[in-house]
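**Q** here's a sequence, model it:
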Amino acid sequence: MTKIPSPKFKRRARKVKILATLGPASSDPEVMRRLFRAGADAFRFNMSHGDHAAHEANFRTVRAIEKEFGRPIAILCDLQGPKLRVGTFAEGKALIAHGARFILDSDPTPGDATRVCLPHPELFAALTDGQRLLINDGKIRLRVKRHSADTIECVAEVGGLISDRKGVNVPDAEIPIPALTDKDRRDLEFAMEHGADWIGLSFVQRPEDVEEAKALMQGRGFLCAKIEKPMAIKRLDEIIAASDGVMVARGDLGVELNPEEVPPLQKRIVNATRLTGKPVIVATQMLESMIESPTPTRAEVSDVANAVYDGADAVMLSAETAAGAWPEEAVMMMDSIARQVEADEGYTARVRMLDTPPDATPADALAHACMTIADTITLNAICVFTDSGSSARRVARERPAVPLMVLTPSVQVARRVSLLWGAHAVTTRDIGSFEEMIAKGKRMALRHGFGGAGARVAMLAGVPFGKSGATNLLHLVRLTGDELDDHPAGTD
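**A** Purely as a prediction, here's the structure:
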């Protein structure tokens, strides 16, 4: 069994997790180390940028940090996805006037202020008159007036400067293109070979996109569906069911929708995902001003706080840590906001405003009981023994008032659940008896700072031990403080 060394780092004093994106500003091993110490629980590799050699070096660095501090760290490799782009211009750019006629066609000749090539034949067939086309992150807004097999005639409702290979968004149509490009397939296999824990699937439109990617992954990691297309909302529940987790990717979602539509949609996605017990990540522009400033705006602080109050499992930093001037400070700020929110006496009630009724199974009933016990008596932690991580997800879904210690013999499971709300994952040898479960749970609770003598811990497991999916045992114990006397660190 691959095993992460005993902890040399104090456990986080918060339940929501922080996902930090790596990039030019954070590719140095010492910077990555500081990001972890500042509060990053997981790292995102953006496969749209950098080559495989650079990502491989980052894999090595993250695993070295993991070994140094004795904490499992999740790696999420975010695939680029299919990007629709215009062609080139004779002068590299052109100015489209407001209200002007503009044509997108299949002619590869460099464009001008009246036309440009759109090298995506599948788009011509998918559009209908009256639909919108958004270019350069929505800065230019075109309305389709008429179209044919090789020409789309538009009027510029919002004009502006357009330049070579700017992105095109089509918010009103489901585009018949696969979610995985050839580049994505190569990046996916690279990520799996190097032990990525999560794959971020971009521009998901339908559950079949998720199923295609998971078939290629062959169970070697978890898949996070990025919700950034209005078309995905129409089949949201199906996409969540097919995925292992969900990301509210507000960047492209905010381009294709009116800005005021995004906040209620964010809450809808968070709630729908939470009901399943799968982790949900809120991402993009959370502390955007910290790309250049050492402090965020008050509105950004409120944005992060609202995501924490909504019960998101994780909040993500993008350019703030990948390319910003203050990557460590951005992580520290997000950590500080999250801890302040979770210290609010009304926090538990807020995250439980969403009713998450348990399914009619022993495992769900016991997970719900853990929450109730923590509300009824003084409890320091809930200790979950799991082989697959599913029991931990069930307990986390209830948003208990106390932290969750996840004990697993699988380092892969420990890394994957490190994005789960409230979960402090620990790799340890498997247990074979009830007595061993009690002894080990007590030792781990003491060793990882979940209380001292007199602390009470709820333990959740399955009998027979070592059988996945058999959660049927809930037991309360008190710590004496002497459990470590004959069991030094590193022997579990």
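
**Q** which strands and helices lie in contact with the biggest helix by length in the chain?
**A** For the chain, the longest helix by residue count, based on DSSP state H, is helix 52-69. If you count contacts as 3 or more C-beta pairs under 8 Å, 6 or more residues apart in numbering; DSSP states H and E, helix 52-69 packs onto helix 29-38, strand 42-46, strand 74-78, helix 182-193. All C-beta spots, glycine's among them, are computed from the backbone N, C-alpha and C.

**Q** where do the strands sit along the stretch 201-350 of the chain?
**A** Listed in chain order, the strands of the stretch 201-350 of the chain (DSSP state E, counting those that start in this stretch) span 222-227, 245-249, 280-283, 314-317.

**Q** excluding its backbone neighbours, what's nearest Arg85?
**A** Computed as C-beta to C-beta, 6 or more residues apart in numbering, the closest residue to Arg85 that is not its neighbour in sequence is Arg165, at 4.6 Å.

**Q** please read the previous query as pertaining to Gly81.
**A** Excluding its sequence neighbours, the residue lying closest to Gly81 (C-beta to C-beta, 6+ apart) is Ser202, at 2.9 Å.

**Q** surely the one you found and Ala179 touch.
**A** Yes. With contact defined as C-beta atoms under 8 Å, Ser202 counts as touching Ala179 (7.3 Å).

**Q** overlap in contacts, the two.
**A** Here Ser202 and Ala179 have Gly81 as joint contacts, going by C-beta atoms under 8 Å, 6 or more residues apart in numbering.

**Q** just name the most buried of the helices and strands packed on helix 52-69.
**A** Of all the helices and strands packed on helix 52-69, strand 74-78 carries the top mean neighbour count, a mean of 26, counting by mean count of other C-beta atoms under 10 Å.

**Q** can you add distance to His55 and mean pLDDT and give the helices and strands packed on helix 52-69 back as CSV?
**A** Putting those into CSV (distance: least, C-beta to C-beta, whole Å; pLDDT from 0 to 100) gives the following:
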stretch, distance to His55, mean pLDDT
helix 29-38, 13, 97
strand 42-46, 5, 98
strand 74-78, 8, 98
helix 182-193, 7, 97
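
**Q** turn those into CSV, including distance to Ile135.
**A** Shown next, in CSV, are these (distance: least, C-beta to C-beta, whole Å):
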stretch, distance to Ile135
helix 29-38, 34
strand 42-46, 22
strand 74-78, 23
helix 182-193, 22
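
**Q** and those: which comes nearest Val411?
**A** Each of the helices and strands packed on helix 52-69 has some distance to Val411 by C-beta to C-beta; the shortest is strand 74-78, at 11.4 Å.

**Q** buried ones in the next helix or strand after that closest one?
**A** Using DSSP states H and E, the helix or strand that follows strand 74-78 in sequence is strand 93-96. Across strand 93-96, burial judged by 16 or more other C-beta atoms under 10 Å covers Ala94, Ile96.

**Q** which other helices and strands contact strand 93-96?
**A** strand 160-163.

**Q** hmm, try it at 10 Å
**A** In terms of contacts (3 or more C-beta pairs under 10 Å, 6 or more residues apart in numbering; DSSP states H and E), strand 93-96 is packed against strand 115-117, strand 151-158, strand 160-163.

**Q** need the winner for burial among these.
**A** By mean count of other C-beta under 10 Å, those have strand 115-117 as the most buried, with a mean of 22.

**Q** what mean pLDDT does that one get?
**A** Mean pLDDT, computed over strand 115-117, is 97.

**Q** any idea how far it is from the middle of the chain?
**A** Counting by C-alpha atoms, centre = their mean, to the nearest Å, strand 115-117 is centred 37 Å from the centre of its parent chain.

**Q** strand partners (parallel or antiparallel) of that strand?
**A** Each strand paired with strand 115-117, and its direction, by DSSP bridges: strand 101-105 (parallel).

**Q** buried set for the strand it pairs with?
**A** Phe102, Ile103, Leu104, Asp105.
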